[in-house]
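In: With the input below, show me the fold.
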Amino acid sequence: MRHQIEAQVLRIYVGEQDHYGTGLLYAEIVSNLKKLNISGVTVFHGVEGFGAHKLLHTMRFEDLFVGLPVVIEAIDIPDRIEAAAAAMNEMIVEGLVTVQDVTAIRYIKDPKLEDKGVA
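Out: Coordinates of the predicted model:
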């Protein structure tokens, strides 16, 4: 069954070595998003990039893989994404958060899953 819904994507850009509490920031963000019942979350590991400081972080061997970018992407209905974006305020000291409206097309095998958000 095909199910189409208006949703939002939350993208969070941080460094792979950034910390929150005693853990890695990106892992703590994923854990928090799971607690907030976000429908789907994926973490992408960057190969190269730079941010506000214009310092290039790269995966080239001569640069020793230091400080590569990580992007956490979450998708859900707008109300849940709004709550998730607000929760990032206390977790992220340096990074970037974006929210984008999207049309999500979900293919559902089990009709009982239809009312479970986007994913």
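In: hey, C-alpha coordinates of the helix or strand containing residue 9 in PDB?
Out: Assigned by DSSP states H and E, residue 9 belongs to strand 2-15. Presented in PDB, the C-alpha positions along strand 2-15 are these (Å, rounded to 0.1, in the frame of the first residue of the first chain):
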ATOM      1  CA  ARG A   2       1.300   3.500  -0.900                       C
ATOM      2  CA  HIS A   3       0.800   6.200   1.700                       C
ATOM      3  CA  GLN A   4       1.700   9.800   1.000                       C
ATOM      4  CA  ILE A   5       2.100  12.400   3.800                       C
ATOM      5  CA  GLU A   6       3.400  16.000   4.200                       C
ATOM      6  CA  ALA A   7       6.300  15.700   6.500                       C
ATOM      7  CA  GLN A   8       9.500  17.500   7.500                       C
ATOM      8  CA  VAL A   9      13.200  16.500   7.500                       C
ATOM      9  CA  LEU A  10      15.400  17.700  10.300                       C
ATOM     10  CA  ARG A  11      19.100  17.700   9.400                       C
ATOM     11  CA  ILE A  12      21.800  18.200  12.100                       C
ATOM     12  CA  TYR A  13      25.400  18.900  11.100                       C
ATOM     13  CA  VAL A  14      28.000  18.300  13.800                       C
ATOM     14  CA  GLY A  15      31.600  17.000  14.100                       C
END
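In: Show me what counts as buried in that strand.
Out: 5, 7-10, 12-15 (16 or more other Cβ atoms under 10 Å). C-betas here are computed from N, CA, C, even on glycine.
In: Which of those sits closest to residue 71?
Out: Residue 71 lies nearest to residue 13 out of the buried residues of strand 2-15, by Cβ to Cβ, at 5.5 Å.
In: Near residue 89, how many other residues are there?
Out: Residues near residue 89, counting by other Cβ atoms under 10 Å, number 8.
In: quick one: it from residue 68, how far?
Out: 24 Å (Cβ to Cβ, to the nearest Å).
In: Ok, residue 77 next?
Out: 31 Å.
In: ok, now residue 41?
Out: 19 Å.
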